[in-house]
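In: sequence and predicted structure, then a few things I'm wondering about:
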Amino acid sequence: MRLRLLDKMLLFVLLPALLGLCAVTWFSYTSAEKSLEKQIGEDLNMMVLSETSQLESMTGLLRNVLNNGAGIARINNFLRAGSDEERASLRPGMQQALKNLADDFPLLKDVGLIGPDGMVVGHTNIQKGKGMDLRERPYFTASMQGKSSVQNTRSKTSGEVTTILSAPVMDGTRVLGVIYATLDLKNLSAETTDSIKIGKTGACFVYDGSGLLLMHPNKKYIGDEDGKLDWVRQIIAQGSGRLVYGWGGKEKVAYFRSIPAMNWFVLVSVERAEVLAPAKALLRSNSLISGGIALLVGLIIFLVARNIAGALREGAHFVGRVAEGHFEIDDAQRRSLEKSAARTDEIGSLARGVGAMVENLKQLFADSEQKTREAHAATEEARQAMREAEEARKAAEGARREGMLSAAGQLEEVAAVLSSASTQLSAQIEQSDRGAAESATRLSEAATAMNEMNATVQEVAKNAGSASSASAETKEKAEAGAQVVEKAVRSIEDVHRMSLALKGDMAQLNEHARDISRIMAVISDIADQTNLLALNAAIEAARAGEAGRGFAVVADEVRKLAEKTMASTNDVGNAITAIQESTAKSMTGVDNAVERIGEANKLASRSGAALEEIVATVVATGDQVNAIATASEEQSAASEEINQSIVQVNDMSRQTAGAMAEASKAVSDLAAQAQRLNELIIRMKEA
């Protein structure tokens, strides 16, 4: 299939540009996708770590509260009572102690006390706990062995999922009973996991070790037993990490960590499509921009190429007519040639050169035709003279008897006329021969000039090709530089966003540290008051003498526990203070980094804009150079055709010169015959 010049320019310029734009668009999408997924993964991992720490801290505090509650004297005294009357007298104090625990810690929804026989002997909800037999409960069995226990289960009465904490009530090494409490998972979820919002589809939820869903923002899912799902089993088996799984026909990604003491698994999950939505939007916008650029470049190439191709097509048509021998052109062709000649580029030079060449050829052919006509006229005169001589000879033969002198006189006149005509014809033929020789010389000079012009055009095409290659190489390097700067700008923007996110996370960490400090202060105050109460109890026990000795031991243990709590609180407070100081320094460093990154982003953006301008200039230059190279090649081909036409005309001129030489020889022979006729006339006169 033969391609036109316009088709070639569209194919070999637009197609590589379109492929390059597609490659750049895909590369930017994959880079953005990887960076975005990495950054969001780090954020989600940090989020699940923070949520796990918060839940672990809160549940650990509640378990410690329950363990401390097991040492309350009113509860111990009630379980040690030996008679029903004594228990009846101690029951109000025991009930009040349980109620105080529930009131002071709202997350403990129900607090109860179980006797060694498994029967509930005390409960914050007296009607609910009355007559309950919990001997078969795993948490009762574990606590009766002197161990604290956590059980995630579903209530047999209400069907709701719940978590039960239990602790043994000890008398030395003997277990008197079990104190237990039910966690208020709804309020705990509202204070922790429900507050986490991750886009439109993200959520934070909690499973237990069997796959029972304990906490979820969508309350209708709570209580689902998902232990049979492969991805849930993988999470329980791994304990912590990252997992991509399918749910509801959509791909999701989850980051998870475990709380071993509670047998909980905290998950932060979000749809992967939502995570990658910004990258998809970037791909769509880049695709639209690339398509627009391709259409614009194609339109520019089409307009420029159509202009050049039209001028070359008109020139080729004109040269073809000249090669066929048609030197005259109509008004439309003349206007087109004048329009092309008015251009200031190589096409204008070619049009002007072709016009001048055609005018010279017209003049040469006109001169040659004139000389040829003159030669034909002289030849016709010679033929006429020969015919007259032949008639005279015949007349002389017929009239020989009538009179040799009369015939000789007439022949002498004829011979004179023939000699004069031969001389004149010889001079005209010689002049025609000189004209034909001069035409051949001029045609040879024109052929030489066309060869030189053809060589010059080929040199221009060669130089234009070299310039096109250099321009293409410059374009590739400029595009590579623009891509590098674009990558740098995107990387700086990613770092800028990461720095801002890190700054926000550190501010949140600082707020959490302050909250923990306040909690530690409250715990410290409680420990101080507990210590004072223990001291007062020890004093009262000392006053009671032998009867208060056991109470004194308990008071001493409480005091030691309060002292340990104060020491631990001080250690935690020091650690929190160090974290706050480090966070403040880090926030200052992040602010400085954000400012420097902003400056670097501006400089990189300026560099990218400059490189884009260079690329645009190089592309335009490359298109012009390619157009020049193509036009030069077409001009070279046209010049070669014109050169062949001149060679043909030169051959015709040589043939004309040969014909003139033959005519000159014929005239010379005619002159010799005239001379012989004169001699014959002389002999006739002498006779």
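Out: Great, that's in hand. Just so it is clear, the structure is predicted and the values come from calculations on it, not from any experiment.
In: touching, residue 164 and residue 184? I think so.
Out: No - with contacts counted by CB atoms under 8 Å, residue 164 stays clear of residue 184, the gap being 11.8 Å. (Glycine included, C-beta is placed from N, CA and C.)
In: any low-confidence regions in the stretch 101-250 of the chain?
Out: Scanning the stretch 101-250 of the chain for pLDDT under 70 picks out 129.
In: hey, where'd the strands end up in it?
Out: Ranges of strands within the stretch 101-250 of the chain are 108-114, 120-123, 149-154, 161-171, 174-183, 203-208, 213-215, 241-247, 250-259, based on DSSP state E, counting those that start in this stretch.
In: for those, which one sits closest to residue 665?
Out: Nearest of the strands of the stretch 101-250 of the chain to residue 665, taken as CB to CB: strand 250-259 at 102.8 Å.
In: CA atoms of the closest one as CSV?
Out: Provided in CSV are the C-alpha atoms of strand 250-259 (Å, rounded to 0.1, in the frame of the first residue of the first chain):
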residue,chain,number,x,y,z
LYS,A,250,-15.1,-7.1,46.4
GLU,A,251,-11.4,-7.2,47.3
LYS,A,252,-10.6,-5.9,50.8
VAL,A,253,-7.4,-5.4,52.7
ALA,A,254,-7.1,-5.8,56.5
TYR,A,255,-4.5,-5.0,59.1
PHE,A,256,-4.8,-6.8,62.4
ARG,A,257,-3.3,-7.4,65.8
SER,A,258,-4.2,-9.7,68.7
ILE,A,259,-4.8,-9.0,72.4
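In: so who does the residue nearest to residue 126 when sequence neighbours are not counted touch?
Out: Spatial nearest neighbour of residue 126, excluding adjacent residues (CB to CB, 6 or more residues apart in numbering): residue 95 at 7.6 Å. By CB atoms under 8 Å, 6 or more residues apart in numbering, the residues touching residue 95 are 122, 124, 126.
In: that older thread, redo the strands of the stretch 101-250 of the chain as a markdown table? Include distance to residue 226 and mean neighbour count.
Out: Converted to a markdown table, those look like this (distance: least, CB to CB, whole Å; neighbours: other CB atoms under 10 Å):
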| stretch | distance to residue 226 | mean neighbour count |
| --- | --- | --- |
| strand 108-114 | 25 | 23 |
| strand 120-123 | 32 | 20 |
| strand 149-154 | 13 | 18 |
| strand 161-171 | 12 | 21 |
| strand 174-183 | 20 | 22 |
| strand 203-208 | 7 | 24 |
| strand 213-215 | 6 | 22 |
| strand 241-247 | 10 | 13 |
| strand 250-259 | 12 | 20 |
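In: quick one: which of the ones you listed is nearest residue 267?
Out: Proximity to residue 267, assessed across the strands of the stretch 101-250 of the chain by CB to CB, is greatest for strand 250-259 (4.5 Å).
In: residue 244 against residue 255, yeah?
Out: No - the criterion here is CB under 8 Å, and residue 244 misses it with residue 255 at 10.7 Å.
In: one step back: how about the strands of the stretch 101-250 of the chain in a markdown table, adding distance to residue 287?
Out: Listed next are the strands of the stretch 101-250 of the chain as a markdown table, based on distance: least, CB to CB, whole Å:
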| stretch | distance to residue 287 |
| --- | --- |
| strand 108-114 | 56 |
| strand 120-123 | 67 |
| strand 149-154 | 50 |
| strand 161-171 | 48 |
| strand 174-183 | 52 |
| strand 203-208 | 32 |
| strand 213-215 | 41 |
| strand 241-247 | 26 |
| strand 250-259 | 23 |
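In: and of these, who's closest to residue 134?
Out: Judged by CB to CB, the one of these that comes nearest to residue 134 is strand 108-114, at 5.6 Å.
In: tell me which other helices or strands that closest one touches.
Out: Other helices and strands packing on strand 108-114, by 3 or more CB pairs under 8 Å, 6 or more residues apart in numbering; DSSP states H and E, are helix 15-69, helix 73-80, helix 84-104, strand 120-123, helix 126-129, strand 174-183.
In: show me what counts as buried in the second one.
Out: The neighbour-count check on helix 73-80 (16 or more other CB atoms under 10 Å) flags 74-80 as buried.
In: angle of it against helix 84-104?
Out: Here the directions of helix 73-80 and helix 84-104 differ by 140 degrees (axes from the mean of the first three to the mean of the last three CA atoms, to 10 degrees).
In: can you list contacts of helix 73-80?
Out: Here helix 73-80 makes contact (CB under 8 Å, 6+ apart) with 69, 87, 90-91, 93-94, 96-98, 113, 115-116, 121-122, 169, 171, 176-177, 179, 537, 551, 554.
In: the fifth one now?
Out: Among residues not part of helix 126-129, those counted as contacts by CB under 8 Å, 6+ apart are 95, 110, 112, 120, 122-123.
In: out of those, which one sits closest to residue 50?
Out: Lowest distance from residue 50 to those (CB to CB) belongs to residue 110, with 29.3 Å.
In: mind listing the residues bridging to the closest residue to that closest one other than its chain neighbours?
Out: Computed as CB to CB, 6+ apart, the closest residue to residue 110 that is not its neighbour in sequence is residue 182, at 4.3 Å. On the basis of DSSP bridges, residue 182 is bridged to residue 110, residue 164.
In: and residue 182, what is it in contact with?
Out: 108-110, 162-165.
In: burial of residue 140, as a residue count?
Out: Residue 140 has 23 neighbours, counted by other CB atoms under 10 Å.
In: over to residue 285?
Out: Around residue 285 there are 11 other residues, counting by other CB under 10 Å.
In: against residue 672, how distant is it?
Out: To residue 672, residue 285 is 99 Å away according to CB to CB, to the nearest Å.
In: next: residue 560.
Out: Distance from residue 560 to residue 672, counting by CB to CB: 160 Å.
In: likewise for residue 157?
Out: Taking CB to CB as the measure, residue 157 falls 153 Å from residue 672.
In: between those two, who's got more neighbours?
Out: Shown here are residue 157 and residue 672; by other CB under 10 Å, residue 672 has more neighbours (11 against 7).
In: name the element that one belongs to?
Out: If you go by DSSP states H and E, residue 672 is part of helix 549-686.
In: so for that helix, mean pLDDT?
Out: Taken as a whole, helix 549-686 has a mean pLDDT of 63.
In: thinking again about what came up before, take the contacts of residue 95 and lay them out in a markdown table including distance to residue 218.
Out: Shown next, in a markdown table, are the contacts of residue 95 (distance: CB to CB, whole Å):
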| residue | distance to residue 218 |
| --- | --- |
| 122 | 36 |
| 124 | 30 |
| 126 | 35 |
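In: burial of residue 223, as a residue count?
Out: Residue 223: 14 neighbours (other CB under 10 Å).
In: nearest residue to it in space, please, no chain neighbours.
Out: Using CB to CB, 6+ apart and skipping residues adjacent in sequence, the residue nearest residue 223 is residue 161, 4.8 Å away.
In: cool, and residue 125?
Out: residue 110 (6.1 Å).
In: hmm, the one you found is touching residue 122, no?
Out: No - Residue 110 is beyond contact range of residue 122, at 11.3 Å (criterion: CB under 8 Å).
In: ok, back up a step: most widely separated two among the buried residues of helix 73-80?
Out: Most distant of these, by CB to CB, are 74 and 80, 11.0 Å apart.
In: before we move on, the earlier item: pick the most deeply packed of the helices and strands packed on strand 108-114.
Out: Scoring the helices and strands packed on strand 108-114 by mean neighbour count under mean count of other CB atoms under 10 Å gives strand 174-183 as the most buried, with a mean of 22.
In: run the angle between it and strand 108-114 for me.
Out: Going by the same axes, to 10 degrees, strand 174-183 makes 160 degrees with strand 108-114.
In: now strand 174-183 - C-alpha only, CSV.
Out: Output of strand 174-183 as CSV, limited to C-alpha atoms (Å, rounded to 0.1, in the frame of the first residue of the first chain):
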residue,chain,number,x,y,z
ARG,A,174,-7.7,-21.1,99.8
VAL,A,175,-10.3,-20.0,97.2
LEU,A,176,-13.4,-18.7,98.9
GLY,A,177,-15.3,-18.0,95.7
VAL,A,178,-15.3,-16.1,92.4
ILE,A,179,-16.0,-12.5,91.6
TYR,A,180,-17.1,-11.9,88.0
ALA,A,181,-18.2,-9.0,85.8
THR,A,182,-19.7,-8.6,82.3
LEU,A,183,-18.1,-6.2,80.0
